[in-house]
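Predicted model and sequence below, questions to follow.
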Amino acid sequence: MTWNNIRKMVARAAEILVTLVTPTVWFASTVGAAVRRGFVRQKVQGHRTYML
């Protein structure tokens with residue numbers, strides 16, 4: 001194997017990794033933010049009903 005082939009393979013592997021990881025990270029952060037927002041909303045509602 002020549003250095004050129006190895007470099008091409010590494011570049012392709014990096015591209016595949018980026019294409020796989022980026023949506024996963026985006027999905028995780030979006031879901032995490034939504035879950036956190038939901039928890040905060042539940043807490044606020046709980047305090048409101050508790051005060052009443």
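Sure, I can see it. Because the structure is a prediction, the values reported are computed rather than measured.

Let me know the average pLDDT across stretch 10-27.
Averaging pLDDT along stretch 10-27 gives 94.

List of residues touching it?
Where contact means CB atoms under 8 Å, 6 or more residues apart in numbering, no residue beyond stretch 10-27 reaches it. C-beta: built from backbone N, CA, C; applies to glycine.

how far does that stretch sit from the chain's center?
When C-alpha coordinates are averaged (CA atoms, centre = their mean, to the nearest Å), stretch 10-27 and its chain have centres 12 Å apart.

Centre of the chain to whatever helix or strand A33 lives in, how far?
Per DSSP states H and E, A33 falls inside helix 3-51. Between the centre of helix 3-51 and the centre of its chain there are 1 Å (CA atoms, centre = their mean).

Same question for stretch 1-9.
Put simply, stretch 1-9 sits 32 Å off its chain's centre (CA atoms, centre = their mean).

which other residues reach that stretch?
For stretch 1-9, contacts defined as CB under 8 Å, 6+ apart pick out no residues.

buried stuff in it?
Neighbour counts over stretch 1-9 (16 or more other CB atoms under 10 Å) mark no residue as buried.

Over to stretch 13-21?
Across stretch 13-21, burial judged by 16+ other CB under 10 Å covers no residue at all.

One more: stretch 29-49?
By neighbour count on 16+ other CB under 10 Å, the buried set for stretch 29-49 is empty.

Distance check, A34 against A14.
In this view, A34 and A14 are 30 Å apart by CB to CB, to the nearest Å.

Ok, Q42 next?
41 Å.

got it, and S29?
S29 is 21 Å from A14, by CB to CB.

likewise K43?
Applying CB to CB, the value for K43 to A14 is 42 Å.

again, but for R7
Computed as CB to CB, the R7 to A14 distance reads 11 Å.

go on, V25?
Taking CB to CB, one finds V25 at 15 Å from A14.

repeat for R41
40 Å.

Next: W3.
In terms of CB to CB, W3 sits 16 Å off from A14.
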